[in-house]
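Trainee: Here you go, sequence then predicted model.
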Amino acid sequence: MPRGRLRVMLGAAPGVGKTFAMLEEGERLRRQGVDVVVALVETHGRAATAALVDGFEVIPRRTVEHRGVTLTELDLDAVLRRAPAVALVDELAHTNAPGSAHAKRWQDVDTLLDAGIDVISTVNIQHIESLNDVVEQITGVPQRETIPDAVLRRADRIELVDLAPQALRDRLAEGVVYPAGRVDAALANYFRLGNLTALRELALLWLADEVDNALQRYRAEHGIAGTWEARERVVVALTGGPEGETLLRRGARIAARSSGGELLAVHVTAQDGLREAAPGVLARQRALVEQLGGTYHQVVGDDIPRALVEFARGESATQLVIGVSRRSRLAALLTGPGIGATVIRESGDIDVHIVSHARAGGRFSLPRPKGGLTVRRRVYGFVLALVGGPLLTLVLTSSRSPESMTADVLSYQLLVVVVALVGGIWPALFAALLSGLTLDFFFVDPLYTITVGEPLHLLALILYVVIAALVSLVVDQAARRTRAAQRAAAEAELLATVAGGVIRGEDAVQALLEQTREAFGLTAVELVTTGSDGGREVIAVAGEAGQQAGGAQLGGAEDEPPVGARATPAAGTTTPAAAPSLTVPLTVRGAEAGTVDGSRAALELSGRDLEAGDRRLLSAIVAQLEAALEHRALSATAAELAPLAEADRVRSALLAAVGHDLRRPLAAATAAVTTLRQADLALGEGDREALLETAEDSLRSLASLVTDLLDASRVQAGVLGVSLAPTELDDVVLPALDELGVGPGDVELDLSPDLPPLRADAVLLQRVLVNLLGNALRYSPGGTAPVLAASAFAGTVQLRVVDRGPGIPPERREAVFAPFQRLSDTDNDAGIGLGLALSKGFVEGMGGTLEAEDTPGGGLTMVVSLPAAEGTNP
């Protein structure tokens, strides 16, 4: 009998619709004539789910008595006797009651599959064994019912039942998932938006990995070797050189461009172990790979290009990132195509990225103002004259005749012109003299003697020298002009880059230092300040600053740091350093002349001496640096003034509030006392009591307003006194209700009996509850009492004040926590709008948070989250 097929509906959390989807699929199969039965379905009291079950044949459950409790379980024997084509079995990870045939429901399902019965089941992502610890970290809830990964992976079909986190919360708020009494606690704890988002991502990633494994099995079974670009896989080749970090970051950016992209780093070692990179460099690069979310691999192979391509194909890579060769042009010319060219040729359908880096000489630098031709070209010119002359002589002497004299002379003249084009004037003069002597020795009678018997021969020799000098002069001038044009273009590019960085608002100071060091080929560039006491402080640094002072080297000749890497000491430290090759004082407008933060500033350049042309360009860069420093100083000043401006705004609002809201109680109290003191007025006992009560209420209101104003000032100044201690919630709630003058029927209390103590200031927390409950009582409709609920979750105690009032629009929820904000300006009893601002300040002072949420069904819920006291286990 063939084994049955298992189909699993996978969900990220309860309530996404797994059971509903299972029943819908069963209904679809039943309409097609398939024999489908409900072996076990948990409706959880959901009417829509129960309605779907009504149309199916349901196998009665087996009852089990355990410790005086009657439990119902799947009746495995009954399902086997019924032998349907398809059985619907809910909650695959369920633990069976003691005394059952198997400990787990998935084992019951395995028995049904062995009997040839197809099974459709459900499971949540938190029940997968390998993800159990991750789910606990996310939700704070340990999962006791789990299913082995291998069991789930053996399923013939896994389908993700997906629902957006906010949509699931909306379903929960509507009472679709849990009864109304459990909604608030569920929304506050397990079903928080962040939890649901993380669980959804976990489910999607797990299923994506399973799909990827299935794809690999399919390719292996069918012998498919080509790359299928189902997702981007980027392989970065590491040589162990300093350019590895650049390649890794570029590869990570390429992988991040597509959803689910993977980063793999690989280093190829030789079989004999002779081609081994510095282990320290590879260790740092391996750590960087892990930080970037990739994996590190090491393979053995003597043919590096082939090993790289084979590894990339084996991993189904779509992109391969390698660095530009560090070999010189001469080395490349002598040894043939390098690794990059070979990889490109053999990569096939894998895209190859060749990334430039500092060690390849690809960084921007200015051409040095030298002579027209380089030393290398002059050497090549002399070599050409020394080698080409004898070869040409050997060829011409083999066909020497009196009639060939003209051709011989023109041949040597051509040699002189070629040498002049290659090496300039001095090699050309040398070739002219050498060729003249050679013509006289081998081709002019008398042969094999250096004798100028005819004046014409002497003239020919002089003409050789003149022609060589003129051609080499033209070549030299052309080379000078070309180099000058290149330098002018490079200077313009550098200035455009510098100006662009400042305009775009980048970290202009650091960027300018880096560009200065690269442009002039310097070892280090430092921005330093010198105080009145002579102390030297490094503000910013580019390059290997501090190395010249004899400090600890970052690497020797075998292990040099990458160009542009910052070496210790870091910016902001005081360090001894070798004398710089050039120091340029800076003038920052808007501050004391030549100072930054009261210290004298200067730009120190270490490395080669700058020539006149370099210094002219440096002055332009220094001007940009001074402007950047001025901008930084102004930004810092603006940042320092921002709190003062905010304080002025609050102070103005405070004065306005004092002028408007304090006038009422003062006027009322003054009027009452004045009336009482008038001797000519005959006041009855009732009138006198009413006036005294008015004065007392007004003065009490005035005292409360003044207290709030003082507390607001303390919160604003950051000097709020907080005394944190383990606090029982009952010790805070009852005094708060007494202060509000409300009874048990006015506020509905839903406090967990096993609630742990809070780490809070009892006095401040009581004032917070008074403010929040006062608002809830004020805005709750008649006949509907606000709710004060408390629950503990993952080391946090949450207090929820729930009302069914008009609520607050989402766009105003942040504004209501600002001082002097009121929901309605027409309510004269609403105070001066400090209640929520003070509450938020008090809660944050105790290390908690205060947030506003919608109440399911309408209204506002204020959520206070405070840490549980240490030593408790909520």
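Mentor: Structure's in. What do you need? Numbering: from 1, shown residues only.

Trainee: Phi, psi for residue 856 please.
Mentor: The phi and psi values for residue 856, taken as degrees, to the nearest 10, are phi -50, psi 120.

Trainee: pretty sure it contacts residue 171?
Mentor: No: taking Cβ atoms under 8 Å as the definition, residue 856 is not a contact partner of residue 171, at 10.4 Å. Where you see a C-beta, it was placed from the backbone N, CA and C, and this is true even at glycine.

Trainee: what's near enough to touch the residue most central in space within the chain?
Mentor: If you average the C-alpha coordinates of the chain and look for the closest C-alpha using Cα atoms, centre = their mean, you land on residue 292, 9.2 Å from that point. When contacts are counted by Cβ atoms under 8 Å, 6 or more residues apart in numbering, residue 292 touches 248, 249, 252, 263.

Trainee: you'd agree the second one is in a helix?
Mentor: Put plainly, it is residue 249. Yes: counting by DSSP: H, G, I helix; E, B strand; the rest coil, one finds residue 249 located in a helix.

Trainee: Excluding covalently adjacent residues, which one is nearest to it?
Mentor: residue 292 (7.3 Å; Cβ to Cβ, 6 or more residues apart in numbering).

Trainee: What's the separation between the one you found and residue 244?
Mentor: Relative to residue 244, residue 292 is positioned 12 Å away (Cβ to Cβ, to the nearest Å).

Trainee: what do you get for residue 140?
Mentor: When distances are taken as Cβ to Cβ, residue 140 and residue 244 turn out to be 40 Å apart.

Trainee: go on, residue 155?
Mentor: As for residue 155, its distance to residue 244 is 42 Å (criterion: Cβ to Cβ).

Trainee: Give me the more crowded residue out of these two.
Mentor: Between residue 155 and residue 244, counted using other Cβ atoms under 10 Å, the more crowded position is residue 244 (26 against 20).

Trainee: Residue 416 versus the more buried one, what's the distance?
Mentor: 50 Å.

Trainee: what do you get for residue 673?
Mentor: Using Cβ to Cβ, one gets 120 Å for the distance from residue 673 to residue 416.

Trainee: ok, those two, which is more surrounded?
Mentor: When residue 673 is set against residue 416 and neighbours are counted by other Cβ under 10 Å, the residue ahead is residue 416, at 29 against 15.

Trainee: so where does that one fall, helix or strand?
Mentor: Here residue 416 is covered by helix 405-423, with elements defined by DSSP states H and E.

Trainee: other SSEs contacting that helix?
Mentor: Helix 405-423 sits against helix 375-397, helix 425-442, helix 455-503, with contacts defined as 3 or more Cβ pairs under 8 Å, 6 or more residues apart in numbering; DSSP states H and E.

Trainee: Now do it and helix 425-442, the angle between them.
Mentor: With axes from the mean of the first three to the mean of the last three Cα atoms, to 10 degrees as the criterion, the two stretches helix 405-423 and helix 425-442 enclose an angle of 160 degrees.

Trainee: Can you give me the buried ones in helix 405-423?
Mentor: Within helix 405-423, the residues scored as buried using 16 or more other Cβ atoms under 10 Å are 408-409, 411-413, 415-423.

Trainee: Run through the stretch 501-650 of the chain and note the low-pLDDT ranges.
Mentor: Within the stretch 501-650 of the chain, the stretches with pLDDT under 70 are 501-508, 531-535, 543-579, 588-599, 610-613, 616, 643-644, 646-650.

Trainee: what about 80?
Mentor: Across the stretch 501-650 of the chain, the ranges flagged by pLDDT under 80 are 501-512, 514-522, 530-539, 542-582, 586-600, 607-621, 624-625, 627-633, 635-636, 639-650.

Trainee: Now do the helices in it.
Mentor: Secondary structure of the stretch 501-650 of the chain by DSSP state H, counting those that start in this stretch: the helices cover 508-520, 612-661.

Trainee: Tell me which helix or strand comes right after the last one.
Mentor: This points to helix 612-661. Next along from helix 612-661, by DSSP H and E: helix 663-677.

Trainee: which helices and strands does that following helix pack with?
Mentor: Contacts defined by 3+ Cβ pairs under 8 Å, 6+ apart place helix 663-677 against helix 685-717.

Trainee: Pull out the buried positions in the helix or strand just after the helix it packs on.
Mentor: Tracing the chain C-terminally past helix 685-717 and defining elements by DSSP H and E, one meets strand 725-727 next. Judged by neighbour count (16+ other Cβ under 10 Å), strand 725-727 contains these buried residues: residue 727.

Trainee: go on, stretch 686-703?
Mentor: Applying a neighbour-count criterion of 16+ other Cβ under 10 Å, the buried positions in stretch 686-703 are 691, 694, 695, 698, 699, 701, 702.

Trainee: What average pLDDT does the host helix or strand of residue 861 get?
Mentor: Assigned by DSSP H and E, residue 861 falls within strand 860-867. Strand 860-867 carries an average pLDDT of 88.

Trainee: Residues touching that strand, excluding its own?
Mentor: With Cβ under 8 Å, 6+ apart as the contact definition, strand 860-867 has outside contacts at 184, 188, 758-760, 765, 768, 772, 775-776, 779, 795-803, 805, 807-808, 843, 846-855.

Trainee: ok, residue 380 touching residue 419?
Mentor: No: under the criterion of Cβ under 8 Å, residue 380 is not in contact with residue 419, lying 9.2 Å apart.

Trainee: Wasn't residue 14 part of a strand?
Mentor: No: residue assignment for residue 14, taken from three-state DSSP, gives coil, which places it outside any strand.

Trainee: For it, give me the pLDDT.
Mentor: pLDDT, residue 14: 87.
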